[in-house]
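Visitor: next input, structure requested:
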Amino acid sequence: MKRKFLFGWYQTPRGKLLQEVEASFIKRSITVSCKQKILQIGGLGWEEEFIDCDLYDVAILDINGLGCPKAKKLRAKAYALPIQSESIDLILLPHLLEFDAHRFQTMREIERVLKPEGHLVIINFNPWSFWVRYQYLWEIRLADSVLGHFISKKRVLDWLRLLNFEAKAISDLTIDKDKPRPVDVDGGFVSLFATSYAIRAIKRRYNLIPFTPVTVKKSGFAIAGNMESSQRSQDNV
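Guide: Predicted structure coming up:
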């Protein structure tokens, strides 16, 4: 499914309302300082509604160069990020995974470039939403096939656990309320009324603790004096 579906959805009356709710969630999720680095994968064009590109060090990776004009622009594939490992403090992923054919490889790249204890914000469409399915069928000419690529909340949480991320906040984003409705962090509840869902996670770095005490091995090097004395004793025999 092409990402044009997303921009077509934002042009609808319900899409414009959803845009406001998503901007509110992202704005509240940006807790890093202005000196830390923020990477957004997938440009939207209305980034200034949730982040000040003059205040923060923001880079937007988009193959078409979309995004806030004041932010740094990167043209590359999401599954092959040209970024140094463990160098980003916050990654924003607004409606990208559902349009990415290599989305799990993209998640691996995100884990690689994000610093330990760095934050990740993901926003996806709710695959069970009637309005999202209706809009998809209406815009079927924009899709690569009849089959959609919407990803369930549970599947994304499974990927995060596999990559050692801890989900700190999960919200159903509805357009019938001013604020997103929080959901249990386990993600077991599935809302049929939410248009999209958002997840804020933290990359954890765990250190293994051995059960048995660690023994220090003695040096395996021989002393030169002992070797010379044993050689002399053999010569005298």
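Visitor: output the below-cut-off pLDDT ranges for this protein.
Guide: 1-2, 130-148, 176-191, 206-237 (pLDDT under 70).
Visitor: so where's the longest helix in it?
Guide: In the chain, ranked by residue count with DSSP state H as the criterion, the top helix is helix 13-29.
Visitor: mind listing what's buried in the lengthiest strand in the chain?
Guide: In the chain, taking DSSP state E as the definition, the longest strand is strand 114-125. By neighbour count on 16 or more other Cβ atoms under 10 Å, the buried set for strand 114-125 is 114, 115, 118, 119, 120, 121, 122, 123, 124, 125. For glycine as for every other residue, the C-beta is placed from the backbone atoms N, C-alpha and C.
Visitor: so what's the nearest residue to residue 65 once chain neighbours are set aside up against?
Guide: Take residue 65 and drop its neighbours on the chain: the residue closest to it by Cβ to Cβ, 6 or more residues apart in numbering is residue 73, 5.6 Å away. Each residue near residue 73 by Cβ atoms under 8 Å, 6 or more residues apart in numbering is listed here: 59, 60, 62, 65, 67.
Visitor: residue 23 and residue 122, how far apart?
Guide: Applying Cβ to Cβ, to the nearest Å, the value for residue 23 to residue 122 is 15 Å.
Visitor: likewise for residue 66?
Guide: Residue 66 is 18 Å from residue 122, by Cβ to Cβ.
Visitor: so what's the residue most central in space within the chain up against?
Guide: In the chain, the residue lying closest to the centroid (Cα atoms, centre = their mean) is residue 120, at 4.5 Å. Residues counted as contacts of residue 120 (Cβ under 8 Å, 6+ apart) are 90, 91, 93, 110, 114, 160, 165, 199, 200, 201, 202, 203.
Visitor: residue 86 reaches residue 114, doesn't it?
Guide: Yes - under the contact definition of Cβ atoms under 8 Å, residue 86 touches residue 114, with a separation of 7.0 Å.
Visitor: start to end distance for stretch 84-92?
Guide: Stretch 84-92 has its terminal residues 17 Å apart, counting by Cα to Cα, to the nearest Å.
Visitor: how about the strands in the protein?
Guide: Counting by DSSP E, the chain has strands at residues 37-41, 57-61, 72-74, 88-94, 114-125, 165-173, 181-182, 196-203.
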